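Undergrad: Below are the sequence and a predicted model; questions follow.
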Amino acid sequence: MAQSTSPKDKSTAMFLVVALLLTLVGAGTGFAVGSLIQAPANIAAKTEESNPGSTAGVAKAGDKSTETHGAPAKGHSTAEEGSDGTSSAGEEEVVEAIDPHSLRTVVFPPVLTTLAEPKGKWIRLEGSILITTEAEDPPEILAERSGEQILTYLRSLRLDQLEGPTNILGLREDLTEMLRVLSNGQVKGILINGLVVE
């Protein structure tokens, strides 16, 4: 006579099959994501190997020194020099090195205004600006002007532009760039201490 399997044995076998399938799916997904993340680094390395003079060496995370195939030091323009020693205009942005000891933190007045959309939503931003110690204008004047410029900028925002950490970082970068340009380089950055939307 054939023995019939109990329901408990069937459920255990089914559990093991499902666990095995989920493990295989997880491993495949992990491999695919790892391959996608690794692909840009491999492309950059292959480009560097095939054309060593065209780009700077790729720095590995955690390394304090980088391999620089003729690349300029940090804080200088990445424009390539021509054969006559003159530099040609590159497409990359010039990175300015800032000494933290040459900056001063000044609190600007809290900014309270309404957003552009949805109507009736209020935003309050508190923070400080980073100004150079060699600033021509008094710090109080720069803080007051910065608060006014931030107020004007916040009035043009929508609520969806403030959702999530990426949008908050984008807001800080936009405000920093705006204040830097409008103060002729006297304001070097902004620190957001508090941001509330009601």
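TA: Received, thanks.
Undergrad: Show me what the lengthiest helix in the chain is packed up against.
TA: Using DSSP state H, we find that the single longest helix of the chain is helix 7-50. Contacts defined by 3 or more CB pairs under 8 Å, 6 or more residues apart in numbering; DSSP states H and E place helix 7-50 against no helix or strand at all. From N, CA and C alone the C-beta is placed, and that goes for glycine too.
Undergrad: where are the low-confidence patches of the protein?
TA: 1-5, 38-100 (pLDDT under 70).
Undergrad: again, 90 this time
TA: For the chain, the stretches with pLDDT under 90 are 1-104, 118-120, 132-137, 164-165, 185, 198.
Undergrad: in it, which spans are helices?
TA: Counting by DSSP H, the chain has helices at residues 7-50, 139-155, 165-182.
Undergrad: now these in JSON lines, with distance to residue 194 and mean neighbour count?
TA: Shown next, in JSON lines, are those (distance: least, CB to CB, whole Å; neighbours: other CB atoms under 10 Å):
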{"stretch": "helix 7-50", "distance to residue 194": "35", "mean neighbour count": "10"}
{"stretch": "helix 139-155", "distance to residue 194": "13", "mean neighbour count": "17"}
{"stretch": "helix 165-182", "distance to residue 194": "12", "mean neighbour count": "15"}
